[in-house]
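Undergrad: Predicted structure and sequence below. I'll ask about it afterward.
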Amino acid sequence: MKRKVIKAVFPVAGLGTRFLPATKSVPKEIMTLVDRPLIQYAIDEARSAGIEEFIFVTSRGKSALEDYFDSSPELENTLRRKGKDDLLKVLEHTNMESGAIAYIRQHQALGLGHAVWCARRLIGDEPFAVILPDDVIAGEKSCLQQMVEAYQETGGSMVAAMEVPYEKTSAYGILDVSEDMGQKVRVKSMVEKPKAEDAPSNLAVIGRYILSPDVMENLNRMKSGAGGEIQLTDAIADELEAGRDVFGFRFRGQRFDCGSKAGFLQATVAFGLARPELHDEFQQYLDELMALKSAAQ
Ligand code: G1P
């Protein structure tokens, strides 16, 4: 019987150098799309998929993240006194039941695989999800929820997957597929950040995973991979070596790479337009901008 996935690991220890100077004092995961920090989108997605235990792998300088999920009595009392029930409601999403959230420090930046391995004692022998908050995915049903449903049929390990242009394969984990079942693919091997000419396909891993606890065992070996880092991709590929199943899952939804400035801006536009209270004003601004641009051409 497949076990329910109730634990998720959020690797949030990165320095966020691509967003300096902002990330000098603000963790990348606290940067906001419209009015919600990236981490809130990740948590909402996890909740929608039935996750009950949230494990953050953090590092020095990330205390703003811990505060974000703490209760804030002063702020809440003030809002209550002023009758601002709508804002109190907004804050509810940031509240976590005590004991549902754990913080682990990654003491050295040794790679994504190492960050996930830091959570091994809290994971134990259960399947678990991993969410990379940089990858923001908009869709009717959340990506992780779709994956949890698919996983109930497949078991094994599963990674979110999406076709990318070949010239971008060197930014992703890339799947070598043995059987394409449409939404699901059976993986025969996977490689981290191959050059286009070495890539077995253009089907890339996106930052959502459901992993067998065996992956933690594989990470114990601390194999150094692409870029000299301990790669999660390699530990999942080791599952295949051991004869266990790994699937790719083509999710429905639009993925934004919020680890890059261009992707972050695109997400800001898309999420801004999706907000009913902002839509008209924002759309009008964009239309004016386009009109100006075509007039200048
Ligand atoms: C990580 C993973 C990579 C995956 C990517 C998805 O890379 O190592 O396999 O394709 O996330 O966003 P990073 O973006 O941290 O370099």
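TA: Ah, there it is. Numbers count the residues shown, from 1 in each chain.
Undergrad: So what's the residue count around the residue nearest to Leu15 when sequence neighbours are not counted?
TA: Counting by Cβ to Cβ, 6 or more residues apart in numbering, Thr23 is the residue found nearest to Leu15 once chain neighbours are left out, at 6.8 Å. For glycine as for every other residue, the C-beta is placed from the backbone atoms N, C-alpha and C. Around Thr23 there are 18 other residues, counting by other Cβ atoms under 10 Å.
Undergrad: now Gly228
TA: Neighbourhood size, Gly228 [other Cβ under 10 Å]: 9.
Undergrad: again with Val136
TA: Applying other Cβ under 10 Å, we find 26 residues neighbouring Val136.
Undergrad: Could you do Asp134 as well?
TA: 22.
Undergrad: Quick check: it vs Ala226, distance?
TA: From Asp134 over to Ala226 the distance is 17 Å, taken as Cβ to Cβ, to the nearest Å.
Undergrad: same thing with Glu76?
TA: With Cβ to Cβ as the criterion, Glu76 and Ala226 are 45 Å apart.
Undergrad: and the closest residue to the ligand within the stretch 101-250 of the chain, bridged to which residues?
TA: Residue nearest to the ligand within the stretch 101-250 of the chain (Cβ to the nearest ligand atom): Gly173, separated by 2.6 Å. Per DSSP bridges, the residues bridged to Gly173 are Glu192.
Undergrad: My read is that it contacts Ala226, right?
TA: No - between Gly173 and Ala226 there is no contact under Cβ atoms under 8 Å: 9.0 Å.
Undergrad: and these two? which has more neighbours close in?
TA: Neighbour comparison, Gly173 and Ala226: the larger count goes to Gly173, with 26 against 15 (by other Cβ under 10 Å).
Undergrad: What residues does that one make contact with?
TA: By Cβ atoms under 8 Å, 6 or more residues apart in numbering, the contact list for Gly173 reads Val159, Met190, Val191, Glu192, Lys193, Ala204, Val205, Gln231, Leu232, Thr233.
Undergrad: In CSV, list those along with pLDDT.
TA: Shown next, in CSV, are those (pLDDT from 0 to 100):
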residue, pLDDT
Val159, 98
Met190, 97
Val191, 96
Glu192, 96
Lys193, 96
Ala204, 98
Val205, 98
Gln231, 96
Leu232, 97
Thr233, 97
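Undergrad: can you pick the most crowded of those?
TA: Tallying neighbours with other Cβ under 10 Å puts Leu232 at the head of these, with 29 neighbours.
Undergrad: How about the contacts made by that residue?
TA: Contacts of Leu232 by Cβ under 8 Å, 6+ apart are Gly111, Leu112, Gly113, Val116, Val130, Gly173, Tyr209, Val215, Leu219.
Undergrad: repeat that for 6 Å
TA: Leu112, Gly113, Val116 (Cβ atoms under 6 Å, 6 or more residues apart in numbering).
Undergrad: Just the ones of these in helices?
TA: Within the contacts of Leu232, residues falling in helices by DSSP state H are Leu112, Gly113, Val116.
Undergrad: circling back to that earlier point, and of the contacts of Gly173, the nearest to Ala138?
TA: Ala204 (17.9 Å; Cβ to Cβ).
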